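S.K.: this one's sequence-less:
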């Protein structure tokens, strides 16, 4: 193993970029395979902004595309972010020039993964993105490499630390979503514009990538069914707990004969389930295969340290010169993404129905559910102070979504019912 | 990516070998990189033994060394087992001929890993052993590849499914070790000679391998401190639970300035800890790094399906032609293994002291502990029927092992004390 020095260009100098620069400056020889990695050039929005890392000795580029194209750069690290614009242009420029690319950009890979994979493979260079999902916890490597001797049937977990933190805090402190979000923003756990996180879109990008790795299909973010946590009420968190569940934002993908489902929903998880116990900003994931069974991984999903470590691990992987497709099959052989009809998806559900406290309300509701073919697994009626009505809460047995939506529409019209029932998904245990 | 067919030779046709043959017969093109894998030759103890897989079309070898050396075999899979003898000879023969080797043999890698790594690297071929640790759960890949951008400080977990099953059953059914072991043997969960498993040696092999991957030192099985579960009494399982703990066989390795510690001990784990909740035959592992923090993985640790899937994943890795050292550094650069002096290791401990029910017993014991500088975190005295004395149970604060052993020797000599106190390790939470 002769020693070569890879001249690394890094676009994007936020916390992850800074962490990476510090690490490579201190440990250019970190890779077991024996090559060295040295950052020679950088690019960011502002050259003069005060930074914790010294970039005075590095070549500066205002334009990440120019950085990626520089003849002094052998390996391009993209930490700019965003599905389009300079990030995509720079990654394309590097790949076209036959340079390996390492990125932490989940939006880019989820929205343009197939196209970029084709470009990388046509130029015989790796395009690696471990840091895009679960930070330092190697979900990508597991699905891309460790599960290839198995047939994955489903992947599901907690992929957004901000949402997990907010939901955990709501439960712990009894404060509502808006209140906890404001605090999370003040503490730097949530961004000024929190839409990507709390809207479920970040988790949607990540599970789209994992679906492509798990099932060998082209990533298709457009087909993902996404519901965020901004409508999750404290009332539901409390009532779910009374029923033995905790509400988590679960991103999941599964493969059936009808196609692939990619979903993000606030979901009731049985309290004793490992996903219910992953609190704070942790990420956690189940991977289920027909031969291996269920594998669970858990770790910090973000942060400068873990994410920079994942980027570094990808750089070390580039050095091994491994030749493998970007996803689970060469780009040209990726199966087209066939989405499952959501109406046909079957699962347990939680319904909260706010009723006027009048006789016959429960009877009317249960009759309607029976008519719609929805059967009940658990039931709870509990007066709640200041709830503006009495919540009737129930968990159904596994039911096709279409029947459920039919029942909800009919229940909404019942005399005693005050508003459209709240629907939340319930995980199988 | 041009398609090549790798001609695979498999030595050892137990459940894992059979599972692998079935998988490759059905899915020769499973590897994403596009090469095919075809089993062309096999070797086992008896050619005529009835098998669930048809081997009539395959070349038969009585001698695994001849199989590994056959010019018809490009890639050698070793599933014979045993640290020496034919397994080692066959692996050496394949490596010397420049053939990639995939093995599930933990004893071989733990006891001869450095030597075999040198041989593999001198011949520029991979030596892969994902299936040697945690079956289909990719602990080896995680430490070898995903953690290289971090500095691992400790690795600890449940690495032997048989022991975990026995301890789980003892707790669940209230039966003693010998009784549950007999049942496990009848059910095929434990071998006729269970020494490797219940003696902790299997877990010792596995954690020795993980230590080498985590810390870049040569694997050194001889230096491992190993205690099995055959002395774990039902009484301790019950008392530990009263104190909020569950007893698990924990294999752990950690790095300090003094060197590397590799240990296998029955250990008290706080009930709410993920390792306490990994029941039955599950395997589970924490990896802690300075940058990434703590990563947890859990999955089935054995069985034909998971283990054969891990072997297949290694075969797919061979096809990528990745060049990386066998452990965390090239064999010639592996650090010598420096063992930590066990007397200097510091940890919490559980002591069960059987006393005659006489006044002053507790006073004498607590005085002795104070004299030895051992301070107490939790204390329990509880009459237990048929226990032949009253057990006094305590959990210490973190204490150097030398002080603890001194205290135990002194307590043993106290008038009221009936036998040498039982020492068990207690995990930090």
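M.R.: The structure has been received and is ready for your questions. As the structure is a computational prediction, the values presented were derived from the model and not from experiment.

S.K.: can we go C-alpha only for contacts and neighbour counts from here?
M.R.: Fine.

S.K.: Burial check on the nearest residue to residue A:353 once chain neighbours are set aside, number of neighbours?
M.R.: Residue nearest to residue A:353 in three dimensions, not counting chain neighbours: residue A:421, with 4.6 Å by Cα to Cα, 6 or more residues apart in numbering or on different chains. Around residue A:421 there are 22 other residues, counting by other Cα atoms under 10 Å in any protein chain shown.

S.K.: Could I get the contacting residues of residue A:421?
M.R.: Residues counted as contacts of residue A:421 (Cα atoms under 8 Å, 6 or more residues apart in numbering or on different chains) are A:351-354, A:408, A:411-412.

S.K.: could you redo the last one with a cut-off of 7 Å?
M.R.: By Cα atoms under 7 Å, 6 or more residues apart in numbering or on different chains, the contact set of residue A:421 is A:351-354, A:408, A:412.

S.K.: so what's residue A:232 up against?
M.R.: Counted by Cα under 7 Å, 6+ apart, residue A:232 has zero contacts.

S.K.: please redo it, this time with the cut-off set to 10 Å
M.R.: Residue A:232 makes contact with A:167, A:170, A:176-177, A:247-249, A:266, A:422, A:424, according to Cα atoms under 10 Å, 6 or more residues apart in numbering or on different chains.

S.K.: Just the pLDDT for the closest residue in space to residue A:278 that isn't next to it in sequence.
M.R.: Spatial nearest neighbour of residue A:278, excluding adjacent residues (Cα to Cα, 6+ apart): residue A:284 at 6.7 Å. If you check residue A:284, the pLDDT there is 98.

S.K.: what sits against residue A:284?
M.R.: A:134, A:137, A:139, A:156-161, A:250, A:274-278, A:296-301, B:295-297.

S.K.: Among the contacts of residue A:421, name the buried ones.
M.R.: Burial by neighbour count, 16 or more other Cα atoms under 10 Å in any protein chain shown: within the contacts of residue A:421 this picks out A:351-354, A:408, A:412.

S.K.: my read: residue A:293 touches residue B:304, true?
M.R.: No - the pair residue A:293 / residue B:304 is not scored as a contact, 11.3 Å apart, by Cα atoms under 10 Å.

S.K.: okay, and the common contacts of the two?
M.R.: Common neighbours of residue A:293 and residue B:304 (Cα under 10 Å, 6+ apart) are residue B:136.

S.K.: now, the most widely separated pair of the contacts of residue A:232?
M.R.: The span of the contacts of residue A:232, defined through Cα to Cα, is set by A:170 and A:422 at 18.2 Å.

S.K.: before we move on, back to that, looking at the contacts of residue A:284, which are in strands?
M.R.: Members of the contacts of residue A:284 lying in strands (criterion: DSSP state E): A:156-158, A:250, A:296-300, B:295-297.

S.K.: In TSV: the residues you listed, plus pLDDT and distance to residue B:114.
M.R.: Output for the ones in strands among the contacts of residue A:284, formatted as TSV (pLDDT from 0 to 100; distance: Cα to Cα, whole Å):
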residue	pLDDT	distance to residue B:114
A:156	98	39
A:157	98	38
A:158	98	39
A:250	98	43
A:296	97	31
A:297	97	29
A:298	97	31
A:299	96	31
A:300	91	33
B:295	97	27
B:296	97	27
B:297	97	26
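
S.K.: Relative to residue A:76, which of those is nearest.
M.R.: residue A:300 (25.0 Å).

S.K.: Can you name every helix or strand that the lowest-mean-pLDDT helix or strand in chain A contacts?
M.R.: Ranked by mean pLDDT, DSSP states H and E, the weakest helix or strand in chain A is strand A:376-381, scoring a mean of 91. When contacts are defined as 3 or more Cα pairs under 10 Å, 6 or more residues apart in numbering or on different chains; DSSP states H and E, strand A:376-381 packs onto helix A:234-242, strand A:346-355, helix A:361-371, strand A:390-396.

S.K.: Just send the ones you listed back as JSON lines, with mean pLDDT too.
M.R.: Shown next, in JSON lines, are the helices and strands packed on strand A:376-381 (pLDDT from 0 to 100):
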{"stretch": "helix A:234-242", "mean pLDDT": "95"}
{"stretch": "strand A:346-355", "mean pLDDT": "94"}
{"stretch": "helix A:361-371", "mean pLDDT": "93"}
{"stretch": "strand A:390-396", "mean pLDDT": "94"}
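
S.K.: can you put those in JSON lines and add distance to residue B:187?
M.R.: Output for the helices and strands packed on strand A:376-381, formatted as JSON lines (distance: least, Cα to Cα, whole Å):
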{"stretch": "helix A:234-242", "distance to residue B:187": "39"}
{"stretch": "strand A:346-355", "distance to residue B:187": "35"}
{"stretch": "helix A:361-371", "distance to residue B:187": "45"}
{"stretch": "strand A:390-396", "distance to residue B:187": "37"}
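
S.K.: ok, the closest residue to residue A:130 other than its chain neighbours - contacts?
M.R.: Excluding its sequence neighbours, the residue lying closest to residue A:130 (Cα to Cα, 6+ apart) is residue A:140, at 5.4 Å. By Cα under 10 Å, 6+ apart, residue A:140 lies in contact with A:128-134, A:146, A:206, A:209-210, A:213-214, A:327, B:146.

S.K.: can you do 8 Å?
M.R.: A:129-130, A:133, A:210, A:213.

S.K.: Check those residues against chain B and report the nearest one.
M.R.: For the contacts of residue A:140, the closest approach to chain B (Cα to the nearest Cα) belongs to residue A:130, at 8.9 Å.

S.K.: Could I get the pLDDT score of the closest one?
M.R.: On the pLDDT scale, residue A:130 gets 97.

S.K.: count of residues packed around it?
M.R.: Neighbours of residue A:130 (other Cα under 10 Å): 28.

S.K.: can I see the domain layout of chain A?
M.R.: A:5-134+A:309-333, A:139-300, A:345-426 (automatic domain parsing).

S.K.: Which of these comes out lowest on mean pLDDT?
M.R.: domain A:345-426 (a mean of 92).

S.K.: Name the residues that touch stretch A:336-351?
M.R.: With Cα under 8 Å, 6+ apart as the test, stretch A:336-351 has contacts from A:217-220, A:223, A:256, A:258-262, A:268, A:393-402, A:421-428.

S.K.: Tell me the residue of the stretch 51-200 of chain A that sits nearest chain B?
M.R.: Counting by Cα to the nearest Cα, the stretch 51-200 of chain A gets nearest chain B through residue A:149, at 4.5 Å.

S.K.: can you pull the contacts of residue A:274?
M.R.: So residue A:274 contacts residue B:274 (Cα under 8 Å, 6+ apart).

S.K.: Pull out the buried residues from stretch A:383-393.
M.R.: Buried, per 16+ other Cα under 10 Å, within stretch A:383-393: A:389-393.

S.K.: Return the residues of the stretch 151-300 of chain A in contact with chain B.
M.R.: A:274, A:291-300 (Cα under 8 Å from any Cα of the partner chain).

S.K.: re earlier: may I ask you to confirm that the residue of the stretch 51-200 of chain A closest to chain B is in contact with residue B:313?
M.R.: Yes - counting by Cα atoms under 8 Å, residue A:149 does reach residue B:313; the two are 5.0 Å apart.

S.K.: between these two, what contacts are shared?
M.R.: In contact with both residue A:149 and residue B:313: residue B:31, using Cα under 8 Å, 6+ apart.

S.K.: Residue A:417: how many residues sit nearby?
M.R.: Neighbours of residue A:417 (other Cα under 10 Å): 24.

S.K.: residue contacts, residue A:32?
M.R.: A:316, B:148, B:324-325, B:328-330.
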